[in-house]
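> Build me a model:
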Amino acid sequence: MTKTFCRVIGLGLATAIGVAAVGAQEPDQPQATFFAPLEVPLVSVEVYVSDRVGRPMPGLTLEDFEVFEDGKPVSISHFYAALGVTESSGGFAESSRESEESEPGQDLYLIIYFDDTNLSRGQRQSAIEHLRGFLTSELAPDLRVMLVRYDGHLNIEQAFTEDTDQAVRALDSLQRSASLSRRLEENRMLREMENAAAAAARSGSSSAMVLESAGSSLLQQIDSYADQTVHRTQTSLANQKQLIRSLSGLSGRKALLLVSDGVEARPGELLYRAWGETFGSVPAFRVDSQRAFLMAVRNDLGNEFDDLARFANGHRVSYYNLSAMGAGQARAMSAESRSMDEQGLAIAQGMSGEVMLGNMAGTTGGRTLVNSPALAGQLDEVAVELASYYSLAFEPAHVGDGKYHRLEVRVKQDGVRVRHRKGYLDIPQTERMTDRTLSAAVHGVADNPLGISVSNGDITPRDDGTYLLPVIIIVPIGQLFLIPSEEEHQGRISILLTVRDQRGDLSPLQRREYPVPVRNADLTAALGQSAGFTLRLVVRPGRQRIAVGVRDEIARTESVATLELFVGETGGADS
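Prediction:
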């Protein structure tokens, strides 16, 4: 069954009850310290090194690499050589300063993303056939695959799986779903312009009236099409960001293979220019003669795509764009009734969109693939490079400054080609907590160093068919950083919560902050106790996954836990 996880639904926090000590136990011995050290997140950079003809370069060591952040050299603290580029049978190079267990996660999460709002059925079928062969070929042993279809909402057709046969079955089922290419609407309006020009030529002295009538109607249609395309593209990019955020809790490499017909860099530009050529000479439209230029500038989406690339870099996601590159040129040249100017406009429009996608792939360390008969060979190259890479990591001097930092990797050998992500966004710690909570809700991935627990109280039905669901969050006080004062020790936590229902819809993320005061006289006893928080939710019946994130705002330690339950006649936590 198709699952959607991006649509906002009517789930909300009703009330929150204050802190209460629960499960009090006298500790055997007082704890000497009441805090956890702040850990500096590593910045990992995957590097693909090849020779002059594109073959992976094996045998490189830590000493062969230099990494620069914002133009300044940084010390490489972790080094990993994948099996495809190491000459030994082990995965980790001997020159690494760390043991194998302490290396950053190197699992590969591949998301195959079908943009069905911008993909013709024929192009999708061609991509599926080639991807089927790709998934049944020899791939990296640490690969997990997820299939996503975007039709205005994000639909997880297949959650992450190591079973490639299961992924292929999900891929095959996509052939039965609908898709919509914007090219159809665009081509319809271009044909109407051609028909209007032909009708005006046949009408003789009344040609101006014919053009004025057709031109006015078409200009309104183009305005509507451009506005809708801008909105649709911006919504699509926002959903891709949401998906990327949900990957934050997955430790390892992420690659997003975007399958589409390409993008319009400036939605409506081709249509506005064609309209100007067809109707610009009509006196009534002289005011609109510069409309193409003005609307093209207004609708330019370059900044939005650049922002998505930076966001992907901040979450260790590389884009592999599989599109119908060249389809715009072929479509333009095959239309015999078009003028050479119209053909040139179509080619320019297609090229500008492909350049935008190409830039995004290059910025994130990925590459652009062409949906053509040669696609099988390109996918073979991708399979090789995903298993033939070097991973370098360093500890930045800053933590969560919210800024974008440029990256450069140099290899101390001649005649090599180097590809990697060009920078990363140093995501603030509070946003990282949001990302991890979202990841727990979508993928069920949780990391719980604070040892929090989540359970539910008695679920009660409401008159409107919904249910009141108390969620009980238990936080061990001994795991928190407590700051001493004259009369008490003071801690402070944030709680984040979201719910994913059985349709895959997510509730808006809720955030609450609470002080955790402990009187000095009660400190020893409190270290063996827990702080309890109850958040009341209003939910619809059905299966729910509740994701809770707790952040120690003083020590900056974070935990995420989930609760799976069915709300309804047999409601309660899953066993």
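
> give the contact list for the nearest residue to residue 470 once chain neighbours are set aside.
Nearest residue to residue 470 in three dimensions, chain neighbours excluded: residue 457, at 3.3 Å (CB to CB, 6 or more residues apart in numbering). Quick note: C-beta positions are derived from backbone N, CA and C, even for glycine. Applying CB atoms under 8 Å, 6 or more residues apart in numbering to residue 457 gives the contacts 469, 470, 471, 472, 534.

> Just the residues contacting stretch 305-320, thanks.
Here stretch 305-320 has contacts from 44, 46, 237, 240-241, 244-245, 247-248, 253-258, 263, 356-357, 359-361, 363-369, 382, 404, 421-427, 435, using CB under 8 Å, 6+ apart.

> What are the buried residues along it?
For stretch 305-320, the neighbour count (16 or more other CB atoms under 10 Å) marks 305, 308-320 as buried.

> and which of those residues is nearest residue 78?
Distance to residue 78 across the buried residues of stretch 305-320 (CB to CB) is lowest for residue 316, with 13.8 Å.

> and the buried residues of stretch 305-320, which of them are in helices?
The helices, defined by DSSP state H, take in 305, 308, 309, 310, 311, 312, 313, 314 from the buried residues of stretch 305-320.

> Rebuild those as TSV, extending it with distance to residue 539 and pLDDT.
Output for these, formatted as TSV (distance: CB to CB, whole Å; pLDDT from 0 to 100):
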residue	distance to residue 539	pLDDT
305	37	92
308	32	94
309	36	93
310	35	92
311	30	92
312	32	94
313	36	93
314	32	89
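
> For the residue most central in space within the chain, pull up the helix or strand it's in.
Against the mean C-alpha coordinate of the chain, by CA atoms, centre = their mean, the closest residue is residue 244 at 2.0 Å. Using DSSP states H and E, residue 244 sits in helix 207-246.

> any idea which helix or strand comes after that helix?
strand 253-260.

> helices and strands around the helix or strand just after that following strand, which ones?
Next in sequence after strand 253-260, counting helices and strands by DSSP H and E, comes helix 269-279. Contacts defined by 3 or more CB pairs under 8 Å, 6 or more residues apart in numbering; DSSP states H and E place helix 269-279 against helix 182-203, helix 207-246, helix 291-298, helix 340-363.

> Out of these, which gets nearest to residue 544?
Taking the helices and strands packed on helix 269-279 one by one with CB to CB, helix 207-246 is closest: 16.9 Å.

> Can you list the buried residues in that closest one?
Result for helix 207-246 [16+ other CB under 10 Å]: buried residues 207, 210-212, 214-215, 218-219, 222, 225-226, 229-230, 233, 236-237, 239-240, 243-246.

> any chance of the helices and strands packed on helix 269-279 in JSON lines, with distance to residue 280 too?
Shown next, in JSON lines, are the helices and strands packed on helix 269-279 (distance: least, CB to CB, whole Å):
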{"stretch": "helix 182-203", "distance to residue 280": "12"}
{"stretch": "helix 207-246", "distance to residue 280": "9"}
{"stretch": "helix 291-298", "distance to residue 280": "9"}
{"stretch": "helix 340-363", "distance to residue 280": "12"}
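
> What count of nearby residues applies to residue 485?
10 (other CB atoms under 10 Å).

> quick one: it from residue 508, how far?
36 Å (CB to CB, to the nearest Å).

> where do the strands sit along the stretch 351-500 of the chain?
367-370, 390-394, 404-411, 417-419, 423-425, 453-456, 460-461, 467-476, 483-484, 488-501 (DSSP state E, counting those that start in this stretch).

> for whatever helix or strand comes next after the last one, which positions count as buried?
From strand 488-501 onward toward the C-terminus, using DSSP H and E, the following helix or strand is strand 510-519. Of the residues in strand 510-519, those buried by neighbour count under the rule 16+ other CB under 10 Å are 510, 511, 514, 516, 517, 518.

> And the furthest pair within those residues?
So, the buried residues of strand 510-519 by CB to CB: farthest apart are 510 and 518, at 25.7 Å.

> re earlier: my guess is the residue nearest to the centre of the chain contacts residue 256, does it?
Yes. At 7.5 Å, residue 244 counts as touching residue 256 under the criterion of CB atoms under 8 Å.

> Show the contacting residues for residue 216.
Residue 216 touches residue 284, counting by CB under 8 Å, 6+ apart.

> State the pLDDT value of it.
Listed pLDDT for residue 216 reads 87.

> That one and residue 275: what is the separation?
When residue 216 is compared with residue 275 (using CB to CB), they lie 11 Å apart.

> any idea how far residue 505 is from residue 543?
12 Å.

> Of these two, give the one with the bigger neighbour count.
Comparing residue 505 with residue 543 by other CB under 10 Å, the one with more neighbours is residue 505, at 19 against 14.

> For the more buried one, give me phi and psi.
phi -80, psi 140 (degrees, to the nearest 10).

> Same check on the one 4 residues further on?
In terms of degrees, to the nearest 10, the main-chain angles of residue 509 are phi -70, psi 130.

> measure it to residue 549 for me?
Applying CB to CB to residue 509 and residue 549 gives a distance of 9 Å.

> Now for those two: what residues contact both?
Joint contacts of residue 509 and residue 549 (CB under 8 Å, 6+ apart) are 434, 437, 496, 497.

> and the residues you listed, which are buried?
Applying 16+ other CB under 10 Å to the shared contacts of residue 509 and residue 549, the neighbour count classes 434, 437, 496, 497 as buried.

> could those residues be laid out in CSV, adding distance to residue 175 and pLDDT?
Shown next, in CSV, are these (distance: CB to CB, whole Å; pLDDT from 0 to 100):
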residue, distance to residue 175, pLDDT
434, 36, 91
437, 35, 94
496, 39, 95
497, 38, 95
